[in-house]
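Asks: My questions are about this predicted structure, shown below with the sequence.
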Amino acid sequence: MGDFTSRAPAALNDPTLRANFRRAMDGLMSKRAAQFADKDAWESLRAQGAAAKARVVARLPELLEQLEANLTQNGIVVHWAETTAQANAIVLDILQKAGAKTVIKGKSMVSEEMELNHHLEAHGIRAVESDLGEYIIQLAGEAPSHIVMPCIHKNKAEIASLFEKNIAGLGYTEDVDALTAAARAALRGQFASADAGISGVNFAVAETGTLVLVENEGNGRLSTTLPPLHIAVMGIEKLAEKLDDLPALLSLLPRSATGQAITTYVNMISRPRQPGEKDGPKAVHVVLLDSGRSRVYADAQLQDTLRCIRCGACMNHCPVYSRVGGHTYKFVYPGPIGKILTPQLEGLDCAGDQPHASTLCNACVEVCPVKIPIADILVRLRAESVNSTGSGAVKGAGSMRKRLESLVWKGWAAMYGVPMLYRLGSWGLTRLGNWLPDSLPMLKRWTSVRTRPRFAAKTLHELARDKGYDHE
Amino acid sequence: MSETARANILARLRAAPRQMVPDRPDWTPPTYGEGRLARFRAMLEAVHGEIHEVTTEDWAERISVLLADRGATRVMVPPGMTLPDGLVAVPYDQPVEELKAVLVQGVEAGITWAKAAIADTGTLVLWPDADEPRLLSLLPPIHVVLLRLGSLVDNLAQVMAEQTWAAGMPTNALLISGPSKTADIEQTLAYGVHGPKELIVLVLTDA
Ligand code: SF4
């Protein structure tokens, strides 16, 4: 536990974890770069994607109503949840009314936010993850470490031992085809017998009332087709205004995420099974989850956060994420998007350390397919965390404010405002600065990993005067 | 509960400061002209799909050769499709509830038509219906797709516009680009994780 800084060393000193992430991030970055080799094409596609999502943000309440109306007309039941607790209760209620005992799940970060599996388990309903990566971490009893590739922190050997322990009859093998086949065989039965399927949503198209899900494995299609009941959970921002927005968004998402031109499957669901049709769920429900998003929406600058299409490119390119991995952040959404989203959803009082876990290098901003100004929002949240804007837009604003730090900054401001103080201060530092002990509370963190620069013997002004410049 | 939640959420959203609604900037999706089929082939093969050019006369024969090579004999087909000797056509003629065992274990291949295809990404467009249900392209380990060359277009925007998707979406619309795959274990590609291990496209060049 503790804050990000105290958790980071364990990850930094774990050579296996470091190697697993380095290999994965290098691969993902080069595959993405190959997709966007033509800079002009990238810029114009990205402008299209950013505009599509900015339109959603600008018209969010109207579009939600339009989506609800069209889904309802299509025969899909819409539910609204203000909190994850409400969303869990809604899902549980639907399942209980249907008499469902087992659930097969497609990948969904919102369901991670809800901790839905735990909630269902506590009420006697078994939820099995069917995305291979999610299945692996469910066996390991862990949380995803990446929003697109949940078990990216594990290598083949670790997965081989996990499967050997958990899948009867399978010995130890590092053969990826054999491991995949074993998971397929183990999950086929689960699919066939599950009473319900639960999935996330990548884009819900307001214009037509269509749920769009992208994936490579086919588990998402199975979860939303084979069981008699399908429940989709989604954040209230995951919309597209029109079908016309999909070509750009569906091109940006997989290329940014994994460097694929398109995912194997794009699954567009607009209705439950119709009379005469032979498969598909007989009932489809959508749960629209707020859980802090409407508060993010309340601030004109911060609402850009809600454009995110969860491609993960920002984390793949983040020098901090790629070194410490996803679990160090401790929250559902790691990396740059997590650093701006989590403090807004959970409050700065419990996630105030997140915006500080960044070098502000801007790599995330350069690759974000919907042009979220992540660095600007990080800086804004840092200011909110010490309450220097006083806007009150973010829950827990001011919770990171420290007496000593505020004092130092006040002193700093005074020094630059009053020439006398400036002269006195710089004179003092040149004469005495090198005598300050490394163990000083405000210096310690810096000096524990870096050599301290030496102060010059004289101030710049003194040196200039010595050289004969008389205008300062 | 849901009603109050709805009212509260919408009220909070409406109270927020609103940004300008930006225009959609100009964007021209890629086109391929004469190179359309070549692009489709290259993109599909890049994602491990197999593609053959056939005619309305000989496609059935081709299927029987391709499936015989793979030792597949039990094939699920749309109603009315007859297969050459040696292949057993299994109809998808009942609701999935009655047919689960057959679908999950009892067939080696499934055949569907494509509604269209997209050269840009090597993608097949399927609108499953009562004759060609959703799972027909998903559960059998080999998926064979029949595509009329005339329905091959350049990009997704074009197919959506030409077929006026916005006027009415089907229960389920699918874009399929290659066989089922995963890279969850050390970014190593493995095929057939939950869906078909093989995707074979037969392009009817005279249709
Ligand atoms: S913030 Fe941008 S780069 Fe990061 S996941 Fe969201 S859309 Fe992708």
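Replies: Done, it's in. Numbers count the residues shown, from 1 in each chain, chains lettered A, B, ... in the order given.

Asks: In terms of pLDDT, where does residue 206 sit?
Replies: Picking chain A for this. At A:A206, the pLDDT value in this model is 98.

Asks: that's the wrong chain, I wanted chain B
Replies: 94.

Asks: Over to B:L152?
Replies: B:L152 carries a pLDDT value of 98.

Asks: So in terms of bridging, what pairs with it?
Replies: Residues in a beta bridge with B:L152, per DSSP bridges, are B:A117.

Asks: for A:T389, what are its contacts?
Replies: Contacts of A:T389 were listed using C-beta atoms under 8 Å, 6 or more residues apart in numbering or on different chains, and they are A:380, A:383, A:397. Glycine gets a C-beta too; all of them are placed from N, C-alpha and C.

Asks: In strands only, show me the residues you listed.
Replies: Assigned to strands by DSSP state E, none of the contacts of A:T389 qualify.

Asks: What distance do you get for B:D120 to chain A?
Replies: B:D120 sits 8 Å away from chain A when distances are taken as C-beta to the nearest C-beta, to the nearest Å.

Asks: Ramachandran coordinates for that residue?
Replies: When quoted as degrees, to the nearest 10, the phi and psi of B:D120 stand at phi -50, psi -50.

Asks: Skipping its backbone neighbours, what lies nearest residue 166 in space?
Replies: No chain specified, so I'll use chain A. For A:N166, the nearest residue in space outside its immediate sequence neighbours is A:L139; the separation is 4.9 Å by C-beta to C-beta, 6 or more residues apart in numbering or on different chains.

Asks: switch to chain B, that's the one I care about
Replies: A:L243 (5.0 Å).

Asks: Kindly tell me how buried the one you found is, as a neighbour count.
Replies: For A:L243, the number of neighbouring residues by other C-beta atoms under 10 Å in any protein chain shown comes to 25.

Asks: Look at it and report its pLDDT.
Replies: Reported pLDDT at A:L243 in the predicted model: 97.

Asks: What of B:Q105?
Replies: Among the per-residue scores, B:Q105 holds a pLDDT of 85.

Asks: could you measure it against chain A, distance?
Replies: When C-beta to the nearest C-beta is applied, the distance between B:Q105 and chain A equals 8 Å.

Asks: which residues sit in contact with that residue?
Replies: Going by C-beta under 8 Å, 6+ apart, the list of residues near B:Q105 is empty.

Asks: which residue sits closest to B:G86, ignoring its sequence neighbours?
Replies: Nearest-residue entry for B:G86: B:S64, 5.9 Å, with adjacent residues in sequence omitted and distances by C-beta to C-beta, 6+ apart.

Asks: Oops, could you answer that again for A:S294 instead?
Replies: According to C-beta to C-beta, 6+ apart, the nearest residue to A:S294 is B:R12 (3.9 Å).

Asks: buried stuff in stretch B:68-78?
Replies: Neighbour-count burial for stretch B:68-78, with 16 or more other C-beta atoms under 10 Å in any protein chain shown as criterion, is recorded at B:72-73, B:75-78.

Asks: Just the terminal-to-terminal distance for it.
Replies: From the first residue to the last, stretch B:68-78 extends over 20 Å; the measure is C-alpha to C-alpha, to the nearest Å.

Asks: what comes into contact with that stretch?
Replies: Under the contact criterion C-beta under 8 Å, 6+ apart, stretch B:68-78 has outside partners B:67, B:83, B:86-92, B:102-103, B:106-113, B:131-132, B:136, B:140-142, B:144, B:198.

Asks: Can you show me the helices along the stretch 251-400 of chain A?
Replies: Listed from the start of the chain, the stretch 251-400 of chain A has helices (DSSP state H, counting those that start in this stretch) covering A:293-297, A:313-316, A:321-324, A:335-346, A:348-351, A:363-367, A:374-385.

Asks: which of those sits most buried?
Replies: Mean neighbour count, computed with mean count of other C-beta atoms under 10 Å in any protein chain shown, is highest for helix A:313-316 among the helices of the stretch 251-400 of chain A, reaching a mean of 29.

Asks: Where does the prediction get shaky in chain B?
Replies: When residues are selected by pLDDT under 70, those of chain B lie in B:1.

Asks: Helices along that one, start to end?
Replies: For chain B, helices defined by DSSP state H occupy the ranges B:2-15, B:36-46, B:59-69, B:96-101, B:156-162.

Asks: so A:A81 touches A:G292, yeah?
Replies: No - in this structure, A:A81 is not within contact of A:G292 by C-beta atoms under 8 Å, at 11.7 Å.

Asks: Those two - which one has more neighbours?
Replies: When neighbours are counted by other C-beta under 10 Å, A:A81 comes out ahead of the other of A:A81 and A:G292, with 25 against 21.

Asks: So what does that one look like in phi/psi?
Replies: Dihedral angles (degrees, to the nearest 10) for A:A81: phi -130, psi 130.

Asks: So it versus A:M234, what's the distance?
Replies: 10 Å (C-beta to C-beta, to the nearest Å).

Asks: any common contacting residues for these two?
Replies: Taking C-beta under 8 Å, 6+ apart as the contact criterion, the common neighbours of A:A81 and A:M234 are A:287-289.

Asks: Out of those, which are close to the ligand?
Replies: Checked against the ligand using C-beta under 6 Å from any ligand atom, the shared contacts of A:A81 and A:M234 yield no neighbours at all.

Asks: now those as a markdown table including pLDDT?
Replies: Putting those into a markdown table (pLDDT from 0 to 100) gives the following:
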| residue | pLDDT |
| --- | --- |
| A:V287 | 98 |
| A:L288 | 98 |
| A:L289 | 98 |
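
Asks: Now flag whichever of those residues is closest to the ligand.
Replies: A:L289 (17.2 Å; C-beta to the nearest ligand atom).

Asks: surely that closest one meets A:S111?
Replies: No - using C-beta under 8 Å, A:L289 and A:S111 do not qualify as a contacting pair, with a distance of 9.6 Å.

Asks: neighbour-wise, which of these two wins?
Replies: Each of A:L289 and A:S111 had its neighbours counted (other C-beta under 10 Å), and the higher figure belongs to A:S111 (31 against 28).

Asks: how close does that one get to A:P281?
Replies: Between A:S111 and A:P281 the distance is 17 Å, computed by C-beta to C-beta.

Asks: hey, what's in contact with both of A:L289 and A:S111?
Replies: For the pair A:L289 and A:S111, residues contacting each of them under the criterion C-beta under 8 Å, 6+ apart are A:V233.
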